[in-house]
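J.: Quick one: sequence plus predicted model below, questions after.
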Amino acid sequence: MTAPLRLGTRGSALAMAQSGHVADALTAATGRPVELVEIVTTGDRSSEPVHRLGVGVFVSALRDALTAGEIDLAVHSYKDLPTGEYGGLHIAAVPPRQDPRDALVARDGRTLAELPSGAAVGTGALRRIAQLHALGMQLTVVPIRGNVDTRLSRVLGPDADLDAVVLARAGVARLGRTDEITETLDPMLMLPAPAQGALAVECRADDSDLVELLAVLDHAPSRAAVTAERALLATLEAGCSAPVAAYAEVAEGDTGEEIYLRGAVISPDGTRDIRLSRTGTPADAAEIGKALAAELLARGADSILGQPEHAGPGTQQFGSTE
Ligand SMILES: NCc1[nH]cc(CCC(=O)O)c1CC(=O)O
């Protein structure tokens, strides 16, 4: 009998759901048994706000375990991965992406437009804070952190203290709680984070049998979309944590597959808001992302990104602040 593949995962409900989903898909496609191995990360142990820690802390323990050979593969929320290359590891599959949009969970089933003036809306990511401010509504934006259940309890629990929270629809869906969503936010208003809703299945680059095996889980349109969004982020990043949003859609056009990429850079107070888009073919995903980033910079994104007060200590080496 073949030894089970060891899939390293964080212990959070979200990570377990994602890892379990990939493990099942892999077994279904290849017949190989997969065992989940829980890895505790620095991020799980800390109570610091995520925008200070950088989400890279959730990732590095899994990558260390992969490098050390303690596990064979790891499943990450793609948007949590730093944009830089990680030596010796390879993203062998990007499975079909979930709905990448953000979601509102509000009291009394309210939508964004129905929130009362002064409503307290909780969210963690600077990207969401900035876009909530940019709406120009009379909202009180409250920075929050914690896992998806904790954030939902700020609205739904017995100790609820907020009128609404904004979070990734995919995370809520993976926990089976889509019924709690009162509005899925239009990307025109709330452009998602680069790679939101996508997973990355990673293994050692020299584990060629596994690289080949995991390819069955790869979904080309999802990979192209994520490639465009992350190329945009990487180009803009330059060691800064200002709010960057990007969303690529891949669809069948008149002349074959087309990719439509939207990108935005918004100042945290919402007063400066630069949004642009670009289309092309999925094969050119990375170039489209870089080109759109360059256009954003040319339209003034550099002056938003360059403001040092937006780069918290310790955030330099981490891409996403989601
Ligand atoms: N911020 C952390 C995080 N990382 C991945 C997800 C779930 C959604 C996804 O896979 O993109 C979430 C929760 C959220 O942003 O609400």
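T.: On my side now, so go ahead. This one's a predicted model, so the numbers in the text were calculated from it and none came from an experiment.

J.: State the mean pLDDT of stretch 134-152.
T.: The average pLDDT for stretch 134-152 rounds to 93.

J.: now do stretch 201-211
T.: 98.

J.: Would you mind measuring the gap between the ends of it?
T.: This stretch, stretch 201-211, spans 10 Å end to end (C-alpha to C-alpha, to the nearest Å).

J.: can you check stretch 282-301 too?
T.: 25 Å.

J.: For that stretch, list every residue counted as buried.
T.: 282, 285-286, 288-293, 295-297, 301 (16 or more other C-beta atoms under 10 Å). Glycine gets a C-beta too; all of them are placed from N, C-alpha and C.

J.: Now intersect the residues you listed with the helices, please.
T.: Assigned to helices by DSSP state H, the following of the buried residues of stretch 282-301 qualify: 285, 286, 288, 289, 290, 291, 292, 293, 295, 296.

J.: Closest one of these to residue 63?
T.: Checking those against residue 63 with C-beta to C-beta, the nearest one is residue 286 at 22.3 Å.

J.: Look up how far residue 187 lies from the residue nearest to the closest one when sequence neighbours are not counted.
T.: Counting by C-beta to C-beta, 6 or more residues apart in numbering, residue 286 lies nearest to residue 231, which is 4.4 Å off, once chain neighbours are set aside. Distance from residue 231 to residue 187, counting by C-beta to C-beta, to the nearest Å: 18 Å.

J.: do the same with residue 198
T.: 15 Å.

J.: same deal with residue 14?
T.: In terms of C-beta to C-beta, residue 14 sits 22 Å off from residue 187.

J.: and if you look at residue 165?
T.: 18 Å.

J.: quick one: the helices in this structure?
T.: 13-30, 42-45, 50-53, 56-67, 126-134, 148-156, 169-174, 208-214, 220-237, 285-296, 302-305.

J.: what ranges of the stretch 1-150 of the chain fall below the confidence cut-off?
T.: 1, 41-56 (pLDDT under 70).

J.: Most proximal residue of it with respect to the ligand?
T.: residue 77 (3.4 Å; C-beta to the nearest ligand atom).

J.: Around that residue, how many other residues sit close by?
T.: 26 (other C-beta atoms under 10 Å).
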